[in-house]
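1. Pasting the sequence and the predicted coordinates here, then a few questions.
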Amino acid sequence: MERQVIRMAPWVIIAIAVAALFFFGAAAYFYFYGDSYLMHIGGAAMAAFAIAALLDAAASKIVLDAETLLIISLFRRRAFARTDFASAKVDGGVVVLKRTDGAWLILPGTGHNALAVRNRIHAWIRRGR
């Protein structure tokens with residue numbers, strides 16, 4: 001089986017990049033025109049937060065390997081076996097996977113149509129049976 005990768009939708013990355021520009025504008029204002037060291041630190045923290053958000057969106061993905069589901073972000077990587085899942089559904093616009101032990105796994109949003117992502121993952125689950 002070929003490896004399937006579900007990345008963040010381009011419109012999500014663009015929206016986060018636009019928000020990061022606004023954060024940089026506010027950070028520059030606080031950094032250059034702030035009267036205290038707290039405002040300088042706050043401006044630097046806002047810029048760092050904007051960079052981290054953009055990098056996290058660019059690095060985030062869901063990978064469907066032959067027998068493993070990987071949820072990858074900038075700061076975290078989780079792996080689950082295909083046999084851990086019974087089904088997939090969309091609940092409130094979010095894809096959730098029912099585990100064989102009765103628990104639910106909520107997948108991170110990717111900006112793609114939730115039903116399309118659910119169908120892709122549900123087919124992956126069923127293919128293993």
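-> All right, it came through fine. Residues are numbered from 1 along each chain as shown.

2. where's stretch 60-80 relative to the chain centroid, distance-wise?
-> 10 Å (C-alpha atoms, centre = their mean, to the nearest Å).

3. end-to-end on it?
-> 16 Å (C-alpha to C-alpha, to the nearest Å).

4. Name the residues of it that are buried.
-> In terms of neighbour count (16 or more other C-beta atoms under 10 Å), stretch 60-80 has its buried residues at 60, 62-64, 69, 71-72. The C-beta positions use only the backbone N, C-alpha and C, and glycine is treated the same way.

5. ok now do residue 80, which residues does it touch?
-> Applying C-beta atoms under 8 Å, 6 or more residues apart in numbering to residue 80 gives the contacts 68-71, 105.

6. Does it belong to a helix, a strand or coil?
-> Following DSSP: H, G, I helix; E, B strand; the rest coil, residue 80 is assigned to strand.

7. Bridge partners for it, pull those for me.
-> Counting by DSSP bridges, residue 80 forms beta bridges with residue 69.

8. pretty sure residue 106 contacts residue 99?
-> No - the pair residue 106 and residue 99 fails to qualify as a contact (C-beta atoms under 8 Å) at a distance of 11.3 Å.

9. More neighbours: these two, which one.
-> Neighbours were counted for residue 106 and for residue 99 using other C-beta atoms under 10 Å; residue 99 has more, 14 against 11.

10. Can you read off the backbone torsions of the more buried one?
-> phi -90, psi 160 (degrees, to the nearest 10).

11. That one bridge partners, please.
-> When bridges are called by DSSP bridges, residue 99 pairs up with residue 85.

12. Now do it against residue 85, distance only.
-> 6 Å (C-beta to C-beta, to the nearest Å).

13. what does stretch 111-118 contact?
-> Contacts for stretch 111-118 (C-beta under 8 Å, 6+ apart): 6, 8-9, 11-12, 62, 88-90, 93-95, 107, 110.

14. which parts of that stretch are buried?
-> 111-112, 114, 117-118.

15. Mind putting these into TSV with pLDDT?
-> Shown next, in TSV, are those (pLDDT from 0 to 100):
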residue	pLDDT
111	91
112	92
114	92
117	94
118	95
